[in-house]
Structures are given as C-alpha cells and as structure tokens.
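Asks: No sequence on hand, only this structure:
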C-alpha cells in the first residue's frame, strides 16, 4: 500500500510529517507514505505554494498508478482555487484511488465525488497527529485505507453518506462542484464560526435546490465557536431541528466528526 | 409620501429613530415617517422580536395601501428567517411600493425582486444617521424615494443593476430566493470579514450556475476587514480581476456602495 501525501491548501509543518511517518512505520509497516515536497512549500505564508504548483503536485500523485491512495496533508484555505485546473486533468490512474481529508479538503472530495473519480472519504489527516492522542486519530484513516473498518463513523449503517465542514459545503452550494447527494445522509461539522453565521449557513443549506432529496442531516462537533454579540442562546440541536423542519428532512442526531481528536472516517456513498 | 419603517433583523436604537425623524421633518417636510413599534422590540438581544413578530410587522406595513414605501430600519442578522413566511403573503398593495435597505436586508430585496414585487433598492437606512455626516447618508434614500436622483450610485448608466453585501449574496446562491440577474451589473460590498473568506465567497460567486449571464461586477467598499492569519497580501482589485476572469465577466471597477457614510442608492433593475 503506497500512499501519496499532497497539500492543496496550507503548508504542512515538518514535525507533523515526521510524527505521522514515525507512527505509520511502526503501526502500519506495510504502508509506504510518500510526502510530496510541495507539502512543505509556502507562497506568502497562506498557501503551500502557488495555485499552479499545488494543482501540479496533486495531479502528479493522483495520476501516478504507483500510488493506491491520496492523503491530503491538512486543511486551511485554498483547495477550491485549484479545482478548475486540476479536475479535468485527472487520468484513469486517478480513478483507482482513495482520497482522504476533511475541512477545506471538502472542496476536493466534493469535486471528485461529483465526477465519480475514485473513492473520496472524509477522514483525519497527517496534521491531526499533533492533537492529544493524535496517533489514534490518524490511525483511523490509515486503518480504513488498509481495510480496517474500526475507524468508520459509527452511525453510517450501510446508507449512503457524505460529510462536510458546513462552511465548505456552503461555498459549494449553487456551483457544479457540489455532487448529487440525493438519498444521502449528510454529516456536517463546523469550527471557528459565530453561531449567527452557523444559522445563516443552515438557511442556505435548508433552501438549497441542489440538496432537495437528501435523506437526513447529522451534526458533528461544532468547536472553537467564536463570540456572538449579542449572545446566541438557542441550543445547537434546536437550531438544527428548526432548519431541518424547514427543509423537510429529518435531523438524525449527532455524528462523530469534526475538528477533534475523535474525528472519524466517512466514505462518500456507501462506506 | 408616507414611509413605513420596520426591522426584519436587529433592533433599532431609539436615538437613531429620533435623529432620522428630526432630520426628515426639516429636510423632507412632505414625508411622513412611521416607525413600527416592532423596530424597538427585542428577542434575546439578537433580533427585533421573534421571527413571527418581525414577519407580521413587515406584512402589516407592506400590505397597507396607505404607505408608499417600506424603509428597512437597519441590518444585523435575521431577515432570511422570515422570507418563507412573509413573501407568499404579500398583497397587491405590496406591489405598489418601493423597498429600501442594504446589508442583511439584501435577503428581503432579493426575494422581492425575484417575485417582481415592488421596486427594491439598495440604499442607506435610518441606522446610518448615526454616522459622521449621517444626515447626508440617509438623505440619499429620502431623496430617491421623493423623486430626486442625486443619491443614485454614479456609475449605473441606465443599465440593469443590483447591489448586495457579498456574504448575503453568498447565502442566497443556490436558493430560489436569488433573483435572475442576467444582464445585470452586480455591485458587491463587504464588511467585517477576513480576506481569505472574501476570496472563498468570490469562488462561489464565480462558479454559481445562477449567476451565469451577468453583465459585469463592480466592487464597493470593503471595510472593517478582519485580521487574516497569515496576512493576505493580494490587493482587492487583483482578487476581483482573477475571479471575474474565471467567471468570464468583466470587472468594471469600484462602486460607491458599502457600510460607509458615502453609501449610495442602487435601484434593482434599471434605476
């Protein structure tokens, strides 16, 4: 099992790469992790290299039949900026791979799933090794890629699913990059937003023409919530129930995904 | 000329209402301003009353043939939450009115324009009287409502136009509340966002299926920009040019709209 690691958004710290490699060498000796040098490059601090460089590194590894999977190094911001250039250039070798990441990488997973390219999955990334207990976090992705289902989100139940950061999903709505999610249970999570903005993004989700026909919604972790002025007093579950009622889909409860140590794997489609 | 004032989002301060009324009494003696008591109500601090109350106050004034125009008191957050209830209940009297506001009120203006109800216009609101030189700011709306074209955004040039806060426009994309803006020049402005998020919202705008066919984009003020970590070094005009190129529409330059003293009136359609 050979896994290529690229960074379509922000630069990966070398320490995270070293820890991920060290853990994988011991716990998954049959896995060969290859970090593309692009992971460690920087373009003005915000991106792991210019758009063209990030797109080229992704294409180089995705189109290389020598890799079984692409593991996205981390989120941040910017993978949306390479979709238009990269997606049309994926080859047959790209279709035989799994792709794992979350957060900003939702742009990549969505675009791949919309084009039925490979097996996209929401799941922990190398950057997550830096969390307390981060070995266990990244083990869920390494396990899933090597055939172990223990890292899967426990409520999937054999139904089609997809998982997104809410802000990323919001940014996809109304564009052709959003896949058809009819009959899917949609899992969402959020980080670093004030609750009025979560409510506003749920308005868009609930009114989105493209999302009519989804089977239900589950809510993952909502972490690092930014201050709301004035305070937002409504509990998250009430907010979810209200918008799901407007949307006419069931709120199916909480989900074990998010910007957390306990984030789990959600293969797009039937996992 | 009788103008009804309601607050579909946040509570209006009484001082802003008093100053607006005092200025209008002197400068526009033929105008009768009527503040709905709902403007001053509060529901947990965030909204000017519960959703049902805000919707009812809007419907009461909009459906009253005794008013010539509805002037939205201020932005904030929350007018999106009353669209589903309020819009289907607008009567013939509502169609004979002008509607003026901006920021969060873009939800109202969009929904009205999508249904061809009345004459929606982006323009200063009573809350703006509190700015330095705020008398001149609100005079643009009062002037436009009474037939004076001096408050119009100077670059409209007789072409169809529409103006939005970018975050509100982003929240409308992908929903049936967004009007058909084919052949319109789209004016956008933003406040209190970090630049990575402005870039991300422009991605959605540039890729939005519903916005194919717009005539061009102009950029208003981008104010109170939140810190970006790491810093975002690209100038705004470069960012606009890049996304407009992706979208295949011309970036037509700057516009005099925004969360500013100099914010001007942009009637939706041909002004």
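Replies: On my side now, so go ahead. The structure displayed is predicted, hence computed values, not measured ones.
Asks: gap between residue A:159 and residue A:256?
Replies: The gap separating residue A:159 from residue A:256 is 16 Å, by Cβ to Cβ, to the nearest Å. Backbone N, C-alpha and C define where each C-beta goes, glycine included.
Asks: What residues does the stretch 51-200 of chain A have near chain B?
Replies: The stretch 51-200 of chain A comes close to chain B at residues A:77, A:80-81, A:84, A:167, A:170-177, A:196, A:199-200, as judged by Cβ under 8 Å from any Cβ of the partner chain.
Asks: Which members of these are classed as buried?
Replies: Buried subset of those (neighbour count, 16 or more other Cβ atoms under 10 Å in any protein chain shown): A:77, A:80-81, A:84, A:167, A:170-175, A:177, A:196, A:199-200.
Asks: Among the residues of the stretch 51-200 of chain A next to chain B, which ones are in helices?
Replies: A:84, A:167, A:170-172, A:196, A:199-200 (DSSP state H).
Asks: tell me the contacts of residue A:164?
Replies: A:106, A:110, A:122, A:172, A:186-189 (Cβ atoms under 8 Å, 6 or more residues apart in numbering or on different chains).
Asks: if you set the cut-off to 6 Å instead, what comes out?
Replies: By Cβ atoms under 6 Å, 6 or more residues apart in numbering or on different chains, the contact list for residue A:164 reads A:106, A:188.
Asks: what is it paired to in the beta sheet?
Replies: Listed by DSSP bridges, the beta-bridge partners for residue A:164 are residue A:188.
Asks: what about it, distance to residue B:110?
Replies: For residue A:164, the distance to residue B:110 - Cβ to Cβ - is 25 Å.
Asks: Do you have the strands of the stretch 151-271 of chain A handy? List them.
Replies: A:161-165, A:185-191, A:216-223, A:251-254, A:266-267 (DSSP state E, counting those that start in this stretch).
Asks: And these: which comes nearest residue A:210?
Replies: Residue A:210 sits nearest to strand A:185-191 of all those, at 11.5 Å, using Cβ to Cβ.
Asks: Residues touching the closest one, excluding its own?
Replies: Residues contacting strand A:185-191 (Cβ under 6 Å, 6+ apart): A:159, A:161-166, A:198, A:214-218, A:220-224, A:255, A:257-259, A:266.
Asks: Return the angle between stretch directions for it and strand A:216-223.
Replies: When axes from the mean of the first three to the mean of the last three Cα atoms, to 10 degrees is applied, the directions of strand A:185-191 and strand A:216-223 differ by 20 degrees.
Asks: And the helices in the stretch 51-200 of chain A?
Replies: Along the stretch 51-200 of chain A, counting by DSSP state H, counting those that start in this stretch, helices occupy A:51-62, A:83-86, A:92-95, A:106-114, A:134-145, A:166-172, A:195-207.
Asks: do you know which of those lies nearest residue A:229?
Replies: That would be helix A:195-207 among the helices of the stretch 51-200 of chain A, by Cβ to Cβ, at 9.1 Å.
Asks: before we move on, the earlier item: higher neighbour count, residue A:159 and residue A:256?
Replies: Neighbour tally, residue A:159 and residue A:256, criterion other Cβ atoms under 10 Å in any protein chain shown: the higher count belongs to residue A:256, 19 against 15.
Asks: Check what pLDDT that one gets.
Replies: The model reports residue A:256 with a pLDDT of 98.
Asks: same check, this time on residue A:228
Replies: Per the predicted model, pLDDT is 85 at residue A:228.
Asks: For it, give me its contacts.
Replies: With Cβ under 6 Å, 6+ apart, residue A:228 has these contacts: A:194-196.
Asks: ok, now residue A:148?
Replies: Per Cβ under 6 Å, 6+ apart, neighbours of residue A:148: none.
Asks: and it, what are its phi and psi?
Replies: phi -100, psi 130 (degrees, to the nearest 10).
Asks: Quick check: the gap between residue A:38 and chain B.
Replies: In this view, residue A:38 and chain B are 18 Å apart by Cβ to the nearest Cβ, to the nearest Å.
Asks: Leaving out chain neighbours, which residue sits closest to residue A:250?
Replies: Distances taken as Cβ to Cβ, 6 or more residues apart in numbering or on different chains place residue A:216 nearest to residue A:250, at 4.4 Å, with adjacent residues excluded.
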